[in-house]
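Participant: Provide a 3D model corresponding to the input given below.
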Amino acid sequence: MKTVQDMNKIDRRGRRDVWTRLLTIFNVLSWVVIALILILTERAKPEFESFFDRIYRLDIRTWWDIEFVKYLFWLAFAGSIMSSIGLILSVTRGRRQEDTSRFGLLLMGLLSVIGLGGVVFFLL
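Facilitator: A predicted model of the protein is given here:
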């Protein structure tokens with residue numbers, strides 16, 4: 001049931017402005033970056049030795065592929081910058097209860113920082 005105070009509230013938002021559209025774009029791009037990071041990590045990591053590899057004495061790569069690790073580093077760096085900008089924008093623009101969640105930006109920021117730490121640890 002609506003109260004008198006709820007009826008007196010006027011929604012002054014006409015349509016979405018540039019900043020909220022940009023925030024939505026950051027959120028979608030964050031999921032794309034997360035997917036790319038997962039795909040590149042799968043390609044960069046050492047190959048798993050299976051039973052058939054041992055039987056047939058197949059050569060497998062037992063080290064991380066440096067080319068993919070370089071791409072991972074720059075992608076994680078760009079992801080952390082994009083996440084930071086998106087979260088700052090979300091804090092300044094998302095003040096209403098019905099504003100959408102920015103879970104993707106938070107997840108991308110967390111994964112990017114963990115990924116950057118892993119790459120730096122790997123290279124040192």
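
Participant: so what's the residue count around residue 38?
Facilitator: Counted with other C-beta atoms under 10 Å, the neighbours of residue 38 add up to 10. C-beta coordinates here come from the backbone N, C-alpha and C atoms, glycine included.

Participant: what's the mean pLDDT across the helix or strand hosting it?
Facilitator: Applying DSSP states H and E as the criterion places residue 38 in helix 18-44. Regarding helix 18-44, the rounded mean pLDDT is 85.

Participant: what ranges does the protein have for its helices?
Facilitator: In the chain, the helices defined using DSSP state H lie at 4-8, 18-44, 51-55, 66-93, 103-123.

Participant: name the helix or strand of the protein that has the lowest mean pLDDT.
Facilitator: Within the chain, no helix or strand scores below helix 4-8, which has a mean of 60 by mean pLDDT, DSSP states H and E.

Participant: which one is the most centrally placed residue in the chain nearest to, not counting chain neighbours?
Facilitator: Nearest to the geometric centre of the chain sits residue 108, at 2.4 Å (C-alpha atoms, centre = their mean). Excluding its sequence neighbours, the residue lying closest to residue 108 (C-beta to C-beta, 6 or more residues apart in numbering) is residue 30, at 3.9 Å.

Participant: could you count how many residues lie near that neighbour?
Facilitator: The burial count assigned to residue 30 is 25, neighbours taken as other C-beta under 10 Å.

Participant: wouldn't it be in contact with residue 105 here?
Facilitator: Yes. Between residue 30 and residue 105 there is a contact at 5.2 Å, judged by C-beta atoms under 8 Å.

Participant: pull up the overlap in contacts between the two.
Facilitator: Here residue 30 and residue 105 share the contacting residues 83, 86, scored by C-beta atoms under 8 Å, 6 or more residues apart in numbering.

Participant: residue contacts, the residue nearest to residue 108?
Facilitator: Neighbouring residues of residue 30 by C-beta under 8 Å, 6+ apart: 79, 82, 83, 86, 104, 105, 107, 108.

Participant: list the residues that contact the last one.
Facilitator: What that stands for is residue 108. Neighbours of residue 108 in contact, by C-beta under 8 Å, 6+ apart: 30, 31, 33, 34, 79, 80, 82, 83.
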